[in-house]
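Colleague: Please work out how this folds:
(one chain, ligands or ions: 2)
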Amino acid sequence: MMSSPKNLSKFWEWGRKIICVGRNYAEHAKELKNAVPTEPVLFLKPPTAYVKEGSPVIMPYYSNNLHHEVELGVVIGKGGRNISQACAMEHVHGYALCLDMTARDVQDKCKEKGLPWTLAKAFDTSCPVSDFIPKDKIQDPHNLNIWLKVNDSLRQEGNTSAMIFSIPFLISYISKIISLEEGDLILTGTPKGVASVKEDDEMMAGIDNIISMKFKVEKQS
Ligand SMILES: O=C([O-])CC(=O)C(=O)O
Ligand SMILES: [Mg+2]
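Modeller: Ligands and ions are numbered 1, 2, ... in the order given. Model (predicted):
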């Protein structure tokens, strides 16, 4: 049998979809004065949004308010459509810690005008990701502490048990609309505490004692 030339533990190299869930933590929906959703809010980032440790997050030139959002990412191993909640976890290959970098001022304007969030959410380096976390390293993805510090001061801390929509629900819901493929990444939403970063800040984020990562913020040259 031919083996795949790609290694799924380097999912960011596959060039697949990044499907993001918004407002999946009530406390975060409230801090931005949004209603707590009764259905998942979805948006996409292109694979060019990926950035790995060692490279900086670049502030988009058209924003003066770049926010961090720390999130648990779910890496899809087996694709599918119309996946049932009961089978959903069979499609998960593993996890990653992710940041959903957001040009908040631009997003606010998009919301006001009823325009899509592409400029606010999908720019290059808007999706910093950790190394791949194999599925068996995480016993319960719905009981993880995720946190983020900026220059050593704690900004975000939350437990994935507070997600409004669970991972099986999200996989099932998304796969009825968008086919899931091997190498896709689902960002499951951010807990409260989102705030601005500026040039030369250092963001450090982690999941319990499972993984941590660091990213420097730089201006576009
Ligand atoms: O921009 C937002 O507030 C929506 C979002 O991505 C999240 O809740 O993680
Ligand atoms: Mg987000």
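Colleague: Residues in a beta bridge with whichever residue of the chain sits closest to ligand 1, which ones?
Modeller: Closest approach between the chain and ligand 1, counting by CB to the nearest ligand atom: Gly22, at 3.1 Å. Glycine gets a C-beta too; all of them are placed from N, C-alpha and C. Gly22 has the following beta-bridge partners by DSSP bridges: Val41.
Colleague: where's the nearest residue to Ser166 once chain neighbours are set aside, which helix or strand?
Modeller: In this structure, Ser166 finds its nearest non-sequential neighbour in His142, 6.2 Å apart by CB to CB, 6 or more residues apart in numbering. Assigned by DSSP states H and E, His142 belongs to no helix or strand.
Colleague: how about His142, what does it touch?
Modeller: Thr160, Ser161, Met163, Ser166, Ile167 (CB atoms under 8 Å, 6 or more residues apart in numbering).
Colleague: The last one and Ala96, how far apart?
Modeller: Meaning Ile167. 13 Å (CB to CB, to the nearest Å).
Colleague: out of these two, which sits in the more crowded spot?
Modeller: Ala96 (24 against 21; other CB atoms under 10 Å).
Colleague: Isn't Ser55 up against Cys127?
Modeller: No - with contact defined as CB atoms under 8 Å, Ser55 does not count as touching Cys127 (12.0 Å).
Colleague: Comparing those two, which shows the higher neighbour count?
Modeller: Per other CB under 10 Å, whichever of Ser55 and Cys127 has more neighbours is Cys127, with 28 against 13.
Colleague: Give me the nearest residue to the more buried one, chain neighbours excluded.
Modeller: Ala49 (3.9 Å).
Colleague: Please apply the same query to Leu97.
Modeller: In space, Leu97 is closest to Ser130, 4.0 Å off (CB to CB, 6+ apart).
Colleague: Not counting sequence-adjacent ones, nearest residue to the closest residue to ligand 2 within the chain?
Modeller: Residue nearest to ligand 2 within the chain: Asp100 (3.4 Å; CB to the ion). Excluding its sequence neighbours, the residue lying closest to Asp100 (CB to CB, 6+ apart) is Glu69, at 4.1 Å.
Colleague: The one you found: what's it in contact with?
Modeller: Contacts of Glu69 by CB under 8 Å, 6+ apart are Leu99, Asp100, Met101, Thr102, Gln156, Thr190, Val194.
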